[in-house]
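Trainee: attaching a predicted model along with its sequence, questions to come.
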Amino acid sequence: MEVRPQHPRPSRRIVALVAAVAAFAGTAACGSPTDSAPVRQRSAASPSATAGETTAQPPEELPAPDAKIPKNAAGLATALEETTARLNDAIDAWTDGGEAAPGEPPEDVELLALHQQRLYRHAARHPEVASRAFARLPKALAAQAKANTEAIRELLALARPIKPDAVFKTRRPRPAAELLGYFKRAERRFGVEWEVLAAVMFAETKFGRVRSDSHVGAQGPMQFMPATWRAYGMGGDVQDPRDAVMGAANYLKASGAPRDYRRALHAYNPSQAYVNAIQLHARQIKRDPRAYYAYYAWQVFVLTTEGERRLTGP
C-alpha cells in the first residue's frame with residue numbers, strides 16, 4: 001500500500017478507519033420528531049426577585065446516549081439545529097469563550113456531542129432525507145452539515161465489517177487542551193497546520209481513544225507502521241500523543257505539506273476518500289474552532305457483521 005516506495009508509510013488500521021467512519025456508520029433508532037426520547041436532566045437555579053433567594057428553574061434536558069433519532073427531514077433538521085446550538089453554547093462555557101478547555105468534557109458537551117454525532121451518522125445513512133433536512137437549515141449550518149456528512153460518507157465507503165467478537169482496547173483520550181498544545185507545537189516546528197493534524201488523529205483513533213493496533217500492525221494515536229515510525233518518529237514513543245503528533249507532522253512535511261496537502265495526506269493513507277475526509281474535517285475546525293472540541297467529544301463506533309457497536313462514551 002506504499003504510494004512512494006522511498007517513503008515508508010503509516011498504514012491506516014481498520015479500527016481507526018471505522019472509528020472515523022463510525023462517526024456516521026450508525027444503528028441509531030428511528031423515530032418521528034414527536035417521539036419522546038429518554039433524557040438526562042440538570043437542575044438550574046437563578047436569582048429571584050428577592051435578594052438572597054433562588055428560584056429553581058425547570059431542569060434542562062440533555063439527550064440520553066440512546067435517544068431516538070428523527071426519521072423525517074423536518075425532525076432531523078430541527079434536531080440538528082437545536083443540538084448544534086446547544087452544543088456550541090456548552091463548548092463556549094467549557095472553554096470560557098475560546099481558551100483551552102481544561103480537563104474532560106462536561107456532561108452536557110459529552111451528551112450533546114454524542115447526539116450530534118448520531119444525527120450525522122443517521123444523515124449519512126439516509127442521503128435523501130438528509131438532503132431535504134439540510135435544505136431547511138440556516139446557510140452556515142447547512143454547509144457544516146453537508147461537510148460533516150460528506151466526510152464520513154467518504155470514510156464509510158472504505159469500511160469493511162469486522163467480526164462482532166473482535167476485541168478492541170480503548171482508553172480515555174488526553175485532555176483536549178493538552179492535545180491542542182501538541183498540534184500547535186508541531187505546526188510551529190514543521191509548518192503543518194494544526195487543524196490537519198487534529199483531523200488526522202480524529203480520523204485515526206478518535207484522539208487516541210483506540211489503543212488497538214491495526215490489522216496490519218499500525219500503532220499509536222496517529223497510527224504508524226513500525227518502519228515509518230523508525231524513519232520519521234525522531235526517536236520518540238509511538239504510543240505517546242506528543243511524540244506521535246510530532247512524527248506525523250514530520251512525515252507530512254516530508255511528503256509535501258504544507259505546499260501540497262493532498263499529496264501529503266495521500267502518502268499518509270493512499271485513498272482519495274481519506275484525503276477528502278481529512279480536508280473536510282480540517283476546514284470545519286478552521287471555520288469554527290468549536291468544531292475541534294465537538295469532534296473531540298465524538299465517540300468510537302465499530303461496524304460489525306451484526307451491526308454497529310459503540311465502544312466509548314456515556
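Mentor: Received, thanks.

Trainee: the host helix or strand of residue 77: what's the following helix or strand?
Mentor: Counting by DSSP states H and E, the element that carries residue 77 is helix 73-95. Sequence order places helix 107-125 as the next helix or strand after helix 73-95, per DSSP H and E.

Trainee: from the contact counts, what lies against that next one?
Mentor: The contact analysis (3 or more C-beta pairs under 8 Å, 6 or more residues apart in numbering; DSSP states H and E) places helix 107-125 against strand 39-47, strand 54-63, strand 69-70, helix 73-95, helix 127-134, helix 139-156, helix 290-297. Where you see a C-beta, it was placed from the backbone N, CA and C, and this is true even at glycine.

Trainee: what sits up against the longest one?
Mentor: Helix 73-95 is touched from outside by 32-34, 63, 69-70, 98, 101, 105-106, 108-109, 112-113, 115-116, 119-120, 122-123, 129-130, 132-138, 141, 144-145, 290, 293-294, with contacts defined as C-beta atoms under 8 Å, 6 or more residues apart in numbering.

Trainee: could I get the average pLDDT for the helix holding residue 77?
Mentor: With pLDDT averaged residue by residue, helix 73-95 scores 97.

Trainee: C-alpha coordinates for that helix, PDB please?
Mentor: The C-alpha trace of helix 73-95 is given here as PDB (Å, rounded to 0.1, in the frame of the first residue of the first chain):
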ATOM      1  CA  ALA A  73     -36.500  15.700   7.200                       C
ATOM      2  CA  ALA A  74     -38.300  18.200   9.300                       C
ATOM      3  CA  GLY A  75     -37.500  16.400  12.500                       C
ATOM      4  CA  LEU A  76     -33.800  15.800  11.600                       C
ATOM      5  CA  ALA A  77     -33.400  19.500  10.700                       C
ATOM      6  CA  THR A  78     -34.900  20.600  13.900                       C
ATOM      7  CA  ALA A  79     -32.800  18.200  15.900                       C
ATOM      8  CA  LEU A  80     -29.600  19.200  14.200                       C
ATOM      9  CA  GLU A  81     -30.200  22.900  14.600                       C
ATOM     10  CA  GLU A  82     -31.200  22.700  18.300                       C
ATOM     11  CA  THR A  83     -28.400  20.200  19.200                       C
ATOM     12  CA  THR A  84     -25.700  22.100  17.400                       C
ATOM     13  CA  ALA A  85     -26.800  25.400  19.000                       C
ATOM     14  CA  ARG A  86     -26.800  23.900  22.500                       C
ATOM     15  CA  LEU A  87     -23.500  22.100  21.900                       C
ATOM     16  CA  ASN A  88     -21.800  25.400  20.800                       C
ATOM     17  CA  ASP A  89     -23.100  27.100  23.900                       C
ATOM     18  CA  ALA A  90     -21.800  24.200  26.100                       C
ATOM     19  CA  ILE A  91     -18.400  24.300  24.400                       C
ATOM     20  CA  ASP A  92     -18.200  28.100  24.900                       C
ATOM     21  CA  ALA A  93     -18.900  27.600  28.600                       C
ATOM     22  CA  TRP A  94     -16.400  24.800  28.800                       C
ATOM     23  CA  THR A  95     -13.700  26.700  27.000                       C
END
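
Trainee: buried set for that helix?
Mentor: 73, 75-81, 83-84, 86-88, 90-91, 94-95 (16 or more other C-beta atoms under 10 Å).

Trainee: same thing with stretch 104-121?
Mentor: For stretch 104-121, by 16+ other C-beta under 10 Å, it's 105-106, 108-121.

Trainee: next one: residue 246 from residue 193, what distance?
Mentor: In this structure, residue 246 and residue 193 are 15 Å apart, going by C-beta to C-beta, to the nearest Å.

Trainee: export stretch 265-283 as PDB, just CAs?
Mentor: Extracted in PDB, the C-alpha atoms of stretch 265-283 (Å, rounded to 0.1, in the frame of the first residue of the first chain):
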ATOM      1  CA  LEU A 265      -2.300  13.100   3.000                       C
ATOM      2  CA  HIS A 266      -2.300  10.600   0.200                       C
ATOM      3  CA  ALA A 267       1.100   9.400   1.300                       C
ATOM      4  CA  TYR A 268      -0.200   9.000   4.800                       C
ATOM      5  CA  ASN A 269      -3.100   6.900   3.500                       C
ATOM      6  CA  PRO A 270      -3.400   6.200  -0.200                       C
ATOM      7  CA  SER A 271      -7.100   6.800  -0.600                       C
ATOM      8  CA  GLN A 272      -8.700   9.900  -2.100                       C
ATOM      9  CA  ALA A 273     -11.700   9.300   0.100                       C
ATOM     10  CA  TYR A 274      -9.400   9.500   3.100                       C
ATOM     11  CA  VAL A 275      -7.800  12.700   1.800                       C
ATOM     12  CA  ASN A 276     -11.200  14.300   1.200                       C
ATOM     13  CA  ALA A 277     -12.400  13.400   4.600                       C
ATOM     14  CA  ILE A 278      -9.400  14.800   6.400                       C
ATOM     15  CA  GLN A 279      -9.500  18.100   4.500                       C
ATOM     16  CA  LEU A 280     -13.300  18.400   5.100                       C
ATOM     17  CA  HIS A 281     -12.900  18.000   8.800                       C
ATOM     18  CA  ALA A 282      -9.800  20.300   9.000                       C
ATOM     19  CA  ARG A 283     -11.800  23.000   7.200                       C
END
